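Visitor: Model the following, please.
(one chain, ligands or ions: 1)
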Amino acid sequence: MQTKVVKFGGSSLADANQFKKVADIILSENSRRYVVPSAPGKRFSDDIKVTDMLYACYDSAVKGADFSEQFKAIMDRYNSIISDLGLDFSLDKDFEIIRACFIGRAGRDYAASRGEYLNGKILAKYLGFTFVDAAEVIFFNDNGTLDSDKTNRVLSEKLSYIEKAVIPGFYGSMPNDTIKTFSRGGSDITGSIVAAAVKADLYENWTDVSGFLLCDPRIVENPQPIVTITYKELRELSYMGATVLHEDAIFPVRKVGIPINIKNTNRPEDAGTLIVENASSQSEYTITGIAGKKGFATVNIEKDMMNSELGFGRRVLEAFEKQGVSFEHMPSGIDAMSVIVNKSELEAHEQEVLASLYRNTKPDHIEIDRDLALLAIVGRGMKSQRGTAARIFAALAHAHVNVKMIDQGSSELNIIVGISEADFKTATKAIYDIFVTEKL
Ligand code: ASP
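Guide: Numbers count the residues shown, from 1 in each chain. This is a model prediction of the structure:
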């Protein structure tokens, strides 16, 4: 029998109605054996996630303020799920323990983790699955990193005896038995760890979108979905801000070759996006996705004969490194070098960076361009397809977009272009149209 690990995000478990959809999905396939829930998320756009309510409530408790109203609002969220599902079940004892631990200052991580803990208890009851507290199976080292050996050993041993279980996401325990959480959105990581431990055939990550889209839907109306994407392509797109999945969720499953399928709880019939190590087929459109970001700046350093000066590049980068400004790209000419950095990072240390550039490199001229957006056009198909770059630049020229910078890694997985921020939407749309719209 196949084994799938299924993780459901906060919006998928925000109220009883969403719980019902989740249960239908899980129970429709016997292979969906291990379930990792988030805490209840937003039910409508200006609703508050239970995790945020817990943080705020705990902060009040630590200040010694009266937190009973805030605590009641949290209990109400869970109690209404329980009653709307018609469950004969109560979390009152847990609420009492949690309240006491808030007064006893059990920690912000402990507080936030209760969101997933309580939701996991309800879901286990509703499904008739065994509840496994993540504190007993997910372990951190003293320095806060995951103790993956111990976690993997204990988790796989424990789950080998349990046919179907609910393991709450987001937290685990420290060597001194206190609770620690991953960073925000960390239930994705728990799902990935569980999938690796039980050697699942597939890790399904259920959310409120049908996977990744070829580009930002705020720029192109109804963009095509990405059906299959490789881990490498995903890295390139997420770096530019196309996020659906927590970055650290990739490593545990990737290491053991388990694919991830991003699915939509509200449209389970949609295929979603499958994330794999190696895709045998090229995507339908040559490119897999387009993503970009505004807010970059270019520092241009010019100096005659710089190419013959040994160590010039190192001295340039040192000026940024010493101020903690990381560089994104570094295209260079014969007598000029451009360093592309995050604009706000640069502006926080601009004078110091410039002073050490002048001191270290004795340039003829330095110029800063503060109007740069980067656009990454990503696709494993570009390697085998002649003329991709030509099509990109023709499309941009046609749309009257001036290209300020071009960067293509030797892996030929992506082409990055630098453009003016005002051209960001036009450029994205032009590239989407040439590869996708014209093919439809
Ligand atoms: N509930 C946590 C958060 O809001 C973790 C998660 O949902 O993955 O960040």
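Visitor: give me the number of residues near residue 381?
Guide: 21 (other C-beta atoms under 10 Å). All C-beta spots, glycine's among them, are computed from the backbone N, C-alpha and C.
Visitor: ok, now which ones touch the closest residue to it other than its chain neighbours?
Guide: Residue nearest to residue 381 in three dimensions, not counting chain neighbours: residue 282, with 3.8 Å by C-beta to C-beta, 6 or more residues apart in numbering. Applying C-beta atoms under 8 Å, 6 or more residues apart in numbering to residue 282 gives the contacts 379-381, 384-385.
Visitor: Out of those residues, which one has the weakest pLDDT?
Guide: Within these, pLDDT reaches its minimum at residue 384, with 76.
Visitor: quick one: which of the contacts of residue 282 is most hemmed in?
Guide: When neighbours are counted by other C-beta under 10 Å, residue 379 leads those with 25 neighbours.
Visitor: in the protein, which residue is closest to the centre?
Guide: The chain has residue 246 as the residue nearest its centroid, 2.9 Å off, counting by C-alpha atoms, centre = their mean.
Visitor: pretty sure it is touching residue 188, no?
Guide: Yes. With contacts counted by C-beta atoms under 8 Å, residue 246 reaches residue 188, the gap being 3.9 Å.
Visitor: secondary structure class for the residue nearest to residue 381?
Guide: Of the three states, residue 282 takes coil under DSSP: H, G, I helix; E, B strand; the rest coil.
Visitor: phi, psi of the residue nearest to the centre of the chain?
Guide: phi -60, psi 130 (degrees, to the nearest 10).
Visitor: show me what contacts it?
Guide: 182-183, 185-186, 188-189.
Visitor: Keep those, but drop any that are not near the ligand.
Guide: 185-186, 188 (C-beta under 6 Å from any ligand atom).
Visitor: Show me what the helix or strand of the chain with the lowest mean pLDDT is packed up against.
Guide: For the chain, using mean pLDDT, DSSP states H and E, the weakest element among its helices and strands is helix 231-239, scoring a mean of 86. Applying 3 or more C-beta pairs under 8 Å, 6 or more residues apart in numbering; DSSP states H and E, we find helix 231-239 packed against helix 250-255, strand 273-276, strand 289-302, strand 365-378.
Visitor: The same query, at a cut-off of 10 Å, please.
Guide: strand 228-230, helix 250-255, strand 273-276, strand 289-302, strand 365-378, strand 414-419 (3 or more C-beta pairs under 10 Å, 6 or more residues apart in numbering; DSSP states H and E).
Visitor: got the residues of the stretch 101-250 of the chain near the ligand?
Guide: 115, 169-170, 184-188.
Visitor: Now for the residue in the stretch 101-250 of the chain that the ligand sits nearest to: which residues touch it?
Guide: Closest approach between the stretch 101-250 of the chain and the ligand, counting by C-beta to the nearest ligand atom: residue 187, at 3.2 Å. Applying C-beta atoms under 10 Å, 6 or more residues apart in numbering, one finds that residue 187 lies in contact with 7-10, 36-39, 51, 115-116, 119, 134, 167-171, 181, 205, 246, 249.
Visitor: Where do the helices of the stretch 51-200 of the chain begin and end?
Guide: Remark: helices assigned in the stretch 51-200 of the chain by DSSP state H, counting those that start in this stretch are 68-84, 92-103, 108-127, 148-159, 187-197.
Visitor: so which of the ones you listed gets nearest residue 176?
Guide: helix 108-127 (12.4 Å; C-beta to C-beta).
Visitor: buried residues in the closest one?
Guide: 109-127 (16 or more other C-beta atoms under 10 Å).
Visitor: Then stretch 249-264?
Guide: Buried-residue list, stretch 249-264, by 16+ other C-beta under 10 Å: 249-250, 252-254, 258-264.
Visitor: ok, now stretch 341-356?
Guide: Going by 16+ other C-beta under 10 Å, stretch 341-356 has these buried residues: 341-343, 345-346, 349-350, 353, 356.
Visitor: just to revisit the earlier point, show the backbone phi and psi for the residue nearest to residue 381.
Guide: Torsion angles, degrees, to the nearest 10, at residue 282: phi -80, psi 150.
Visitor: Next, the contact list for residue 389, please.
Guide: Counting by C-beta under 10 Å, 6+ apart, residue 389 has contacts 377, 382, 406, 408, 412, 415, 417.
Visitor: Kindly supply the PyMOL command isolating those of the residues you listed that are buried.
Guide: The PyMOL selection below is limited to those of those classed as buried (16+ other C-beta under 10 Å):
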select buried, resi 377+382+412+415+417
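Visitor: Tell me the one of the contacts of residue 389 nearest residue 147?
Guide: Within the contacts of residue 389, distances to residue 147 taken as C-beta to C-beta reach their minimum at residue 412, with 38.3 Å.
Visitor: picking that back up, in JSON lines: the ones next to the ligand among the contacts of residue 246, plus neighbour count and pLDDT.
Guide: Below are those laid out as JSON lines (neighbours: other C-beta atoms under 10 Å; pLDDT from 0 to 100):
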{"residue": "185", "neighbour count": "20", "pLDDT": "96"}
{"residue": "186", "neighbour count": "21", "pLDDT": "97"}
{"residue": "188", "neighbour count": "26", "pLDDT": "97"}
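Visitor: Show me which of the residues you listed is closest to residue 67.
Guide: residue 186 (24.4 Å).
Visitor: Could you find the closest non-adjacent residue to that closest one?
Guide: Leaving aside its sequence neighbours, residue 186 sits nearest to residue 170 (C-beta to C-beta, 6+ apart; 4.7 Å).
Visitor: For that neighbour, give me its contacts.
Guide: 36-39, 51, 109, 112-113, 115-117, 120, 134, 138, 179-190.
Visitor: burial count for residue 31?
Guide: Close neighbours of residue 31, defined as other C-beta under 10 Å, add up to 14.
Visitor: And it, what's its pLDDT?
Guide: With respect to pLDDT, residue 31 scores 98.
Visitor: go on, residue 242?
Guide: For residue 242, the pLDDT comes out at 69.
Visitor: try residue 269
Guide: Note on residue 269: pLDDT of 97.
Visitor: quick one: contacts for it?
Guide: Residue 269 neighbours (C-beta under 10 Å, 6+ apart): 210, 263.
Visitor: Please tell me how far it sits from the ligand.
Guide: Using C-beta to the nearest ligand atom, to the nearest Å, residue 269 is found at 24 Å from the ligand.
Visitor: So that residue, which state does it fall into?
Guide: Three-state call for residue 269 (three-state DSSP): coil.
Visitor: Show me the shaky parts of the protein.
Guide: Along the chain, the parts satisfying pLDDT under 70 run over 242.
Visitor: ok, now which ones touch residue 182?
Guide: The contact partners of residue 182, by C-beta under 10 Å, 6+ apart, come to 109, 113, 138, 140, 144, 146, 169-172, 188-190, 193, 246, 248-249.
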